[in-house]
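Asks: Model the structure of this input:
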Amino acid sequence: MAVPAPTSVSDPHPARPPDKEDKRTFLRKLAEFLHPGPDSTAELIETLAEAEDNKIIGAESRAMLEGVIRMADMTAGDVMVAATRMDLINIQAPMESLINTVIDTAHSRFPVFEGERENVIGILMAKDLLKLQRAPELNIRALLRPAVFVPETKGLNDLLRDFRGNRNHLAIVIDEFGRVAGLITIEDVLEQIVGEIEDEFDIAEDAGDIFALADRSYRVSGATSIERVNDAFFVNLAGSDPDDHFDTIGGLIAHEMGHVPKRGERFAFGGLNFLVLHAKGGAVKWFKVSPAVPQAR
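Replies: As a prediction, the model looks like this:
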């Protein structure tokens, strides 16, 4: 007599699906057991240093990877240009003054304010000013682009993603009280990974160090020797203290000012007017120089 098939009952202990095949070799498993991965950012950076020492990665790769790791803990407030150092444009400024500001500072984007500096109403692209030559009837206000505002606590990783997504390369940083704390650009963020990014002011040393400008002033590299500046401008610049010796005009001017010059600062010395056009890494890259008094030739 046939035995009836048992009634189907769900198995209270179903068989576990087979684990994915572990393709690590025995030696690899043993190595990972004996040398577990880093448990902190500091240990991870030490591991990268060891990888460089063992010729696994190059020095530049290690530096970039370290930058990526450190950037994860940084915020917009850590790398922003402080509000006191921001170059802004007053919407009410006459066109000549506006053009001079754009030329002197040599930025590509400018926050524009109306009334108080805190009241940023938009961003002006320097290249958009060219449109005024073809259509003088245009108003500066019509050229403004929306300003992007971010909190000081905004993480750099998130900010970089936003920059890439919305194609805005400048943001106004706001503090916890809603006041303008500074500004930050995509270049400021990327430099945390790749180091200093060269721009239009970073000219090779053999390309020259003194350039004549259209307004009869000169753009002078901070690394220019004092002797060359003296010869070019028919002056005799020397430190106020005869015991001090400086080789470059940047070092001399910083000493005479008593602090590291910042972009936009002006200083009259030795018959010349110095305007700091560009500063990086605690040193002046470029000055705008003009004689304090017209000199007869």
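
Asks: any chance you could map the helices in the stretch 1-150 of the chain?
Replies: Along the stretch 1-150 of the chain, the stretches classed as helices by DSSP state H, counting those that start in this stretch are 26-34, 41-53, 59-71, 76-79, 95-105, 130-134, 140-143.

Asks: Point out the most buried one among those helices.
Replies: Of those, the one with the most neighbours on average (mean count of other C-beta atoms under 10 Å) is helix 76-79, at a mean of 19. For the C-beta atoms, the positions are set from N, CA and C on the backbone; glycine is no exception.

Asks: coming back round to it: could you dump the helices of the stretch 1-150 of the chain to TSV with distance to V229 and mean pLDDT?
Replies: As requested, the helices of the stretch 1-150 of the chain are exported to TSV (distance: least, C-beta to C-beta, whole Å; pLDDT from 0 to 100):
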stretch	distance to V229	mean pLDDT
helix 26-34	61	53
helix 41-53	41	78
helix 59-71	35	79
helix 76-79	33	89
helix 95-105	20	78
helix 130-134	34	74
helix 140-143	37	85
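
Asks: The ones you listed into a markdown table, with extra columns for distance to L160?
Replies: Listed next are these as a markdown table, based on distance: least, C-beta to C-beta, whole Å:
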| stretch | distance to L160 |
| --- | --- |
| helix 26-34 | 32 |
| helix 41-53 | 18 |
| helix 59-71 | 8 |
| helix 76-79 | 11 |
| helix 95-105 | 25 |
| helix 130-134 | 29 |
| helix 140-143 | 27 |
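
Asks: so which of those gets nearest S221?
Replies: Nearest to S221, of all those, is helix 95-105, at 16.5 Å by C-beta to C-beta.

Asks: got a list of what the residue nearest the centre of the chain touches?
Replies: Centroid-nearest residue in the chain, with C-alpha atoms, centre = their mean: D188, separated by 2.4 Å. Residues counted as contacts of D188 (C-beta atoms under 8 Å, 6 or more residues apart in numbering) are V79, M80, V81.

Asks: wait, isn't the second one in contact with G182?
Replies: Yes. M80 sits in contact with G182 when judged by C-beta atoms under 8 Å, with a separation of 3.7 Å.

Asks: hey, what's in contact with both of those two?
Replies: Counting by C-beta under 8 Å, 6+ apart, the residues touching both M80 and G182 are V173.

Asks: my guess is A72 contacts N157, does it?
Replies: Yes. Taking contacts as C-beta under 8 Å, A72 lies within contact range of N157: 5.9 Å.

Asks: and the two? which has more neighbours close in?
Replies: N157 (14 against 10; other C-beta atoms under 10 Å).

Asks: helix/strand/coil for that one?
Replies: Of the three states, N157 takes helix under DSSP: H, G, I helix; E, B strand; the rest coil.

Asks: roughly how far apart are it and G67?
Replies: 12 Å (C-beta to C-beta, to the nearest Å).

Asks: How about M74?
Replies: M74 is 10 Å from G67, by C-beta to C-beta.

Asks: So for the two, which residues contact both of them?
Replies: Counting by C-beta under 8 Å, 6+ apart, the contacts common to M74 and G67 are Q192.
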